[in-house]
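Participant: A predicted structure for the sequence below; I have some questions about it.
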Amino acid sequence: MSFTAIIPARRASTRLPNKPLLDIAGKPLVVRTAEQAAKSNADRILIATDDTDILQAVEHAGFQCQLTRADHPTGTDRLAEVAQQLNLSPDDIVVNVQGDEPLIDPELINQVAALLQSQPDAAIATCASPITEAHKLFNPNIVKVVCNHRQQALYFSRAPIPWARDALADGSHVLAPNLPALHHIGLYAYKVGFLNTFPHLPTGPLEMFESLEQLRALENGFGIAVHITQAHPAAGVDTAADLERVRAIFANRL
């Protein structure tokens, strides 16, 4: 199958300034992510950024980079601009690989792209893994998703869903046996036709209250297919501690 992997890279970061350019074993973080994405079956790997320093670093490493506007409210809006710049057709598939995921599994990229291609009534495909620990179910920083029998998303939430009424009746924070709770993984495949539509969709109350942009698609009637993987991927780089952990992993590899 054919698809393009686009890596949005924005320099601004409150917790880790200049995050895409932070060094990981001699190379910028965003370049390490691109190298990992290049192990997938993508026909093309492209970094989308609004920063000329990132552009230069990426091109120096031999990857294609596209300069975009600086006023995009979301990474999806940035992808939509790049899809238009590349003149991609509405049925083409674009996979959004987060720029701070240098340990992303290339096969997961392939799987989310293949899932979208196999479901013509879905505009987006994403991933999730089973929640096996109670504290993750009740952690609002971990996004949960519930699906129908066709493995299409019904809802995403920071709240513990589905709510096991009987098991939680006494106020306990426990994981009910066999609860189909899923931890959403922020890897997305889009059909370009949807990317062209996304910037024009109205923001609804669910997205505003949950602060989850994927709810915009559901609120406007677009289907999201969900690939279930049993192993949750390695965490990305969000904090200084994450950075040191990833640096240690690459140091051990080298």
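Facilitator: Received the coordinates, thanks.

Participant: where exactly do the strands run in this protein?
Facilitator: Applying DSSP state E to the chain gives strands spanning 4-9, 23-24, 27-28, 44-49, 64-67, 93-96, 124-130, 144-147, 153-157, 182-191, 224-228.

Participant: among those strands, which is the most enclosed?
Facilitator: Burial of the strands of the chain is given as mean neighbour count (mean count of other Cβ atoms under 10 Å); strand 4-9 ranks first at a mean of 26. In this view, the C-beta of every residue, glycine as well, is placed from N, C-alpha and C.

Participant: give the contact list for the residue nearest to D166 when sequence neighbours are not counted.
Facilitator: Take D166 and drop its neighbours on the chain: the residue closest to it by Cβ to Cβ, 6 or more residues apart in numbering is A176, 7.7 Å away. Counting by Cβ atoms under 8 Å, 6 or more residues apart in numbering, A176 touches A164, D166, A167, L168.

Participant: Can you read off the pLDDT for the last one?
Facilitator: Spelled out, it's L168. Here, the pLDDT recorded for L168 equals 93.

Participant: how much space is there between it and V146?
Facilitator: 16 Å (Cβ to Cβ, to the nearest Å).

Participant: now swap in the second one and tell me
Facilitator: If you measure D166 against V146 using Cβ to Cβ, the figure is 18 Å.

Participant: phi, psi of the residue lying farthest from the centre of the chain?
Facilitator: Within the chain, the residue lying farthest from the chain centre (Cα atoms, centre = their mean) is D170, at 35.5 Å. Main-chain torsions, D170, degrees, to the nearest 10: phi -90, psi 10.

Participant: Count the neighbours of the closest residue to T33 other than its chain neighbours for me.
Facilitator: With sequence-adjacent residues excluded and distances taken as Cβ to Cβ, 6+ apart, T33 is closest to P102, at 4.8 Å. If you count neighbours by other Cβ atoms under 10 Å, P102 ends up with 25.

Participant: now swap in Q84 and tell me
Facilitator: Q84: 13 neighbours (other Cβ under 10 Å).
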